[in-house]
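*Asks:* Any chance you can model this:
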Amino acid sequence: MSNWFVVLTGGIGSGKSLAASCFEKRGITIVEQDDVSREVVEPGEPALAQIAERFGENILNDEGSLNRSKLRHQIFNNSEDKIWLERLLHPLIGQRTMHHMTTAPSRYVIVVNPLLHTRQPQYDRFAVVDTPIPVQIERAMQRDGMNRELAEKMVASQTAREVRLRLADDVILNDGAVEFVDEQVDRLHRRYLVMAT
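*Replies:* Got it, this is the predicted structure:
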């Protein structure tokens, strides 16, 4: 079981998943907070019932799962709804994430957290995937099919790039080739294996 943890963060479209996959292919357990955030709102979970009660049944898909696209539009157009949702979900996500971290089999664990804006005591290292903002916006539009206005709003609503870089112990630059990201991850992986002993 692991007891040495690296948080990996970066804005939307920065390439966090790419960097995480590079660690994963080296045998490292990845805990994606986006995945955990989906777990806590699956059908049957108490949080989903509370979301449906606040926003109405039309926030659900026909089979009863959360319509994340509708919810995303709702909260990015209403700051009170966004705050309410964060207060509901963040503690649940934190508890579930910690469970995944402490039961992981690899020597250290990478926790992918796009929302982190302060140092957290449970993490031994703070790694940032850094990408120029115009590239983030283009990637978000291509990947999620959103319009430029929503992509710009999402980038602006996240932790500022400068703040993430100031907090970083390690920076993975993702402004070009996949191979360049993999090389950087390889160097960090070797360092983390030493630090995690």
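*Asks:* Where do the strands of this protein begin and end?
*Replies:* 5-9, 29-32, 109-112, 125-130, 170-173 (DSSP state E).
*Asks:* Distance to M146, mean pLDDT and mean neighbour count added to those strands, as a markdown table?
*Replies:* Quick note: C-beta positions are derived from backbone N, CA and C, even for glycine. As requested, these are exported to a markdown table (distance: least, Cβ to Cβ, whole Å; pLDDT from 0 to 100; neighbours: other Cβ atoms under 10 Å):
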| stretch | distance to M146 | mean pLDDT | mean neighbour count |
| --- | --- | --- | --- |
| strand 5-9 | 21 | 96 | 24 |
| strand 29-32 | 20 | 96 | 20 |
| strand 109-112 | 20 | 97 | 27 |
| strand 125-130 | 20 | 96 | 23 |
| strand 170-173 | 24 | 97 | 18 |
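*Asks:* Show me the beta-bridge partners of the residue lying closest to F23 once chain neighbours are set aside.
*Replies:* Nearest non-adjacent residue to F23, counting by Cβ to Cβ, 6 or more residues apart in numbering: I110, 4.9 Å away. Taking DSSP bridges as the rule, I110 bridges to V6, I30.
*Asks:* Pretty sure I30 sits against F23.
*Replies:* Yes - counting by Cβ atoms under 8 Å, F23 is a contact partner of I30 at 6.4 Å.
*Asks:* Pull up the overlap in contacts between these two.
*Replies:* Residues touching both I30 and F23 (Cβ atoms under 8 Å, 6 or more residues apart in numbering) are I110.
*Asks:* Now E39: closest residue in space that isn't a chain neighbour?
*Replies:* R96 (6.0 Å).
*Asks:* Contacts only, for the one you found.
*Replies:* By Cβ under 8 Å, 6+ apart, R96 lies in contact with 36, 39-40.
*Asks:* Quick one, grab the pLDDT at it.
*Replies:* With respect to pLDDT, R96 scores 94.
*Asks:* where's it relative to G13, distance?
*Replies:* 25 Å (Cβ to Cβ, to the nearest Å).
*Asks:* what does I133 give?
*Replies:* Going from I133 to G13 by Cβ to Cβ gives 9 Å.
*Asks:* More neighbours: which of the two?
*Replies:* G13 (22 against 15; other Cβ atoms under 10 Å).
*Asks:* State the number of residues packed around the closest residue to L48 other than its chain neighbours.
*Replies:* In space, and not counting its chain neighbours, L48 is closest to V41: 4.7 Å by Cβ to Cβ, 6+ apart. Neighbourhood size, V41 [other Cβ under 10 Å]: 23.
*Asks:* and V41, backbone torsions?
*Replies:* phi -120, psi 20 (degrees, to the nearest 10).
*Asks:* Hmm, it is touching L89, no?
*Replies:* Yes - if you go by Cβ under 8 Å, V41 and L89 touch, sitting 7.4 Å apart.
*Asks:* what is in contact with these two at once?
*Replies:* A47.
*Asks:* for the residue nearest to G10 when sequence neighbours are not counted, which residues make a bridge with it?
*Replies:* In this structure, G10 finds its nearest non-sequential neighbour in V129, 3.5 Å apart by Cβ to Cβ, 6+ apart. Beta bridges link V129 to I172 when assigned by DSSP bridges.
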